[in-house]
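*Asks:* Dropping the sequence and predicted coords here.
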Amino acid sequence: MSDFKSVRIYPLGMALGTLLAISFVLCVISGLTFPTATMYQAWLPLLPGVTWISWPSVFLGLIESFAYGW
């Protein structure tokens, strides 16, 4: 047990936040590319204040996704 290393919080938070932000952007792009595939309805309840689709809503969703990663 002496080989246990502590987890550094800042790099982990940045990595998870970036991963969720990139995932959100990919979902928005795929939703615009394939409008009949309504996968955005799955994450709309998870992101309060985000609607489909406007620039302020995309930026809010990006910020919220990053914050959820942290």
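*Replies:* Arrived safely.
*Asks:* Let me see the residues that make contact with the lowest-mean-pLDDT helix or strand in the chain.
*Replies:* The helix or strand of the chain with the poorest confidence is helix 40-43; it has a mean of 82 (mean pLDDT, DSSP states H and E). Contacts made with helix 40-43 from outside it, assessed by Cβ atoms under 8 Å, 6 or more residues apart in numbering, are listed as Phe24, Cys27, Val28, Gly31, Trp52, Ile53. Where C-beta positions appear, they are placed from N, C-alpha and C, glycine not excepted.
*Asks:* for Tyr68, what are its contacts?
*Replies:* Residues counted as contacts of Tyr68 (Cβ under 8 Å, 6+ apart) are Gly17, Leu20, Leu46.
*Asks:* Ser6: which of these is nearest?
*Replies:* Gly17 (19.8 Å; Cβ to Cβ).
*Asks:* The closest one contacts Gly69, correct?
*Replies:* Yes. Using Cβ atoms under 8 Å as the test, Gly17 is close enough to Gly69 to be in contact (3.2 Å).
*Asks:* can you tell me which helix in this structure is longest?
*Replies:* What stands out as the longest helix in the chain, according to DSSP state H, is helix 9-33.
*Asks:* Going by contacts, tell me the helices and strands next to that helix.
*Replies:* Other elements packing on helix 9-33 under the criterion 3 or more Cβ pairs under 8 Å, 6 or more residues apart in numbering; DSSP states H and E are helix 40-43, helix 55-69.
*Asks:* Identify whichever of those helices lies nearest to Ser6.
*Replies:* Ser6 lies closest to helix 55-69 among the helices and strands packed on helix 9-33, at 19.8 Å (Cβ to Cβ).
*Asks:* relative to helix 9-33, how tilted is the closest one?
*Replies:* 140 degrees (axes from the mean of the first three to the mean of the last three Cα atoms, to 10 degrees).
*Asks:* With that, I have no additional questions.
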